[in-house]
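>>> Predicted model follows, preceded by the sequence.
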Amino acid sequence: MSGEVAVLGAGMHPWGKWGHGFVEYGVAAARAALADAGVDWRDVDSVVGADTVRGGYPGHVAGATFAKALGWQGARVTSVYAACASGAQAVGTARAQILSGLADLVLVVGADAAPKGFFRPAGGDRPDDPDWLRFRVLGATNPTYFGLYARRRMAVHGDTLEDFAQVKVKNAASGALNPNARYRKRVTAEEVAASAVVADPLRLLDICATSDGGAALVLSSMEFARRHGTADPVRIRAVSTVTPRYPTTVLDLPDIATDSAVAVEPAADTFRASIARAAYEEAGIGPGDLSLAEVYDLSTALELQWYEDLGLCGEGEAAKLLREGATALGGRTPVNVSGGLASFGEAVPAQAIAQVCELTWQLRGHAGDRQVSGARVGITANQGLFGHGSSVVAVR
Amino acid sequence: MVAGWFAGDGDRFHLLGTRCSACATVFFPREDTFCRNPGCAGGDLAEVPLSRRGRVWSYTDSRYRPPSPYVTDPELSWEPYALIAVELEAERIVVLGQTVPGVTTVDLAVGMEVEIVPGVLNEDEETTWTTWHWRPTGVTA
Ligand SMILES: [Zn+2]
């Protein structure tokens, strides 16, 4: 049995603050992906939805919501919630169904209508919820964690505010070329420096916004793809959804403290690095094989961290890699040529799916002005709150 | 709002964690139900005081008012406060906390020694909610 599944179709609803419900974005993305695949919705065997959670009620938004909106047709249905990794778990679920023979043709959908301002926990007094606790006891928003990582990099590796700003400059330049991106303007380092500090040392333009948006994929078995007349499709070769290893010693959302390393020595790899390693091992590739990477740039500083966690360079060398232009369009391993979250903003259940959409278009050679020439292998990297890993390897 | 996270007054104020009797792992916030070490079959979890001093792992601040459930008075203008992640050597754990009022990020550096002191999270007419604050050692303000 082949370990690969075919990406027959990819689709998005453009990201922004559109003021509509999430179902509208999801259905638009799904219809775009079905049209791209050239398949009829009624022929889809299985729908996997990545959930949106509002008010602590995940059942509201699920695979079934999209299936109903597209028109009930009797397909198998699954809904997954894994915070920012929801999309990767949806892709992983679809892939498992295809590889096990439970389904031949699967639609994966994620969409969200994001709230204004900071993400925050659901209401009520819930001291058993670490996400509620960090807000209640410390007022620690997501950007404060990004600020901690950024300041740590400056102290340990000598990264500078100018390095962080250059990540934004790079991603905005790519996002300007992407019709699905929310922000389509180039940004200068001076504009980053002039924006307000949100969480020292990070400024407004170092931190990704929240957005509305939707993304969808149509996946199939390789056999279905052949019958369908798609001889050489983009293929998904690995999906990493690993958890951390105890003890985690890097303070991470939403925790107030790390695990203690007093009884067990920490693993050599951090959680983020282990997400990528699992994907590489499953795909049988290494960082040197990559044509491009789509990583989770919640902040500019965090994108640099991913360079090291993906093995694009050694520890502490990310800023150097950036300065050399290796991660820009035209460089050795372009990162976030879609524009990244810097240009899209967060639409939580959609973003890991959107990363795979970008890989698909790049590997087909259909990415227009932001095309990475000769792209053959791409990786996505992402991380969900509460210990959800997320990485997908796609090849052509 | 969370019982048993800290105790003591003045120079004896400290955070409270728990320690597994089987593997010696320390937990903060306190874990009273099960040991989370995957290699441990589980032991009794006994309350232990955490080190009062540690070193700054990293720090940041909050220039915009955090949303609910953080409690602030919207009538008052927002005063940013700093947050420090502090590495406790004996416990090999990093614990996040607010700084004492008046200490800002310009006063901090990674690796600097800090100590724990009691502080006020917020108060209304009936109640004062206490919390822990980190303060650079040698600062007495
Ligand atoms: Zn134990």
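Sure thing, it's come through.
>>> and the residue nearest the centre of chain A, helix, strand or coil?
Centroid-nearest residue in chain A: A:A352, 3.2 Å away (criterion: C-alpha atoms, centre = their mean). Following DSSP: H, G, I helix; E, B strand; the rest coil, A:A352 is assigned to helix.
>>> A:V250 too?
Secondary structure, three-state DSSP: A:V250 is coil.
>>> contacting residues for it?
Applying C-beta atoms under 8 Å, 6 or more residues apart in numbering or on different chains, we find A:V250 in contact with A:T258, A:T270, A:F271. Placement of C-beta: from N, CA and C, glycine included.
>>> for those, which one is nearest chain B?
Each of these was scored against chain B by C-beta to the nearest C-beta, and A:T258 proved nearest at 4.4 Å.
>>> Quick check, pLDDT for A:R120.
pLDDT, A:R120: 80.
>>> How is the chain divided into domains?
In the absence of a named chain, chain A is used. A:5-117+A:212-235, A:130-205+A:236-395 (the TED database).
>>> I was thinking of chain B, sorry if that wasn't clear
B:1-50, B:52-141 (automatic domain parsing).
>>> surely B:V110 meets A:R152?
Yes - contact criterion C-beta atoms under 8 Å: B:V110 and A:R152 qualify, at 6.7 Å.
>>> Looking at those two, which is more packed in?
Comparing B:V110 with A:R152 by other C-beta atoms under 10 Å in any protein chain shown, the one with more neighbours is A:R152, at 22 against 17.
>>> need the contact list for the residue most central in space within chain B.
Using C-alpha atoms, centre = their mean, the residue of chain B that lies closest to the mean C-alpha position is B:G97, 4.1 Å off. Contact analysis of B:G97 by C-beta under 8 Å, 6+ apart lists A:L138, B:L83, B:I84, B:V86, B:I116, B:T131, B:W132, B:H133, B:W134.
>>> about what we covered before: now the domains of chain A in a markdown table, with mean pLDDT and distance to B:E79?
Listed next are the domains of chain A as a markdown table, based on pLDDT from 0 to 100; distance: least, C-beta to C-beta, whole Å:
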| stretch | mean pLDDT | distance to B:E79 |
| --- | --- | --- |
| domain A:5-117+A:212-235 | 93 | 19 |
| domain A:130-205+A:236-395 | 97 | 12 |
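>>> now these as CSV including distance to the ion?
Output for the domains of chain A, formatted as CSV (distance: least, C-beta to the ion, whole Å):
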stretch, distance to the ion
domain A:5-117+A:212-235, 27
domain A:130-205+A:236-395, 7
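>>> Relative to B:F27, which of these is closest?
Checking these against B:F27 by C-beta to C-beta gives domain A:130-205+A:236-395 as the closest, at 6.9 Å.
>>> residue of the stretch 51-200 of chain A with the smallest distance to chain B?
A:G147 (3.0 Å).
>>> can you count the residues close to that residue?
Neighbour number of A:G147 under other C-beta under 10 Å is 31.
>>> hang on, it is in a helix, isn't it?
Yes - counting by three-state DSSP, A:G147 is found in a helix.
>>> from the contacts of A:V250, which is closest to B:R92?
A:T258 (8.7 Å).
>>> tell me the contacts of the closest residue to chain A within chain B?
Closest residue of chain B to chain A, C-beta to the nearest C-beta: B:T60 (3.0 Å). Going by C-beta under 8 Å, 6+ apart, B:T60 touches A:T144, A:G147, A:L148, A:A150, A:R151, A:A199, A:D200, A:P201, A:L202, B:A82, B:L83, B:T105.
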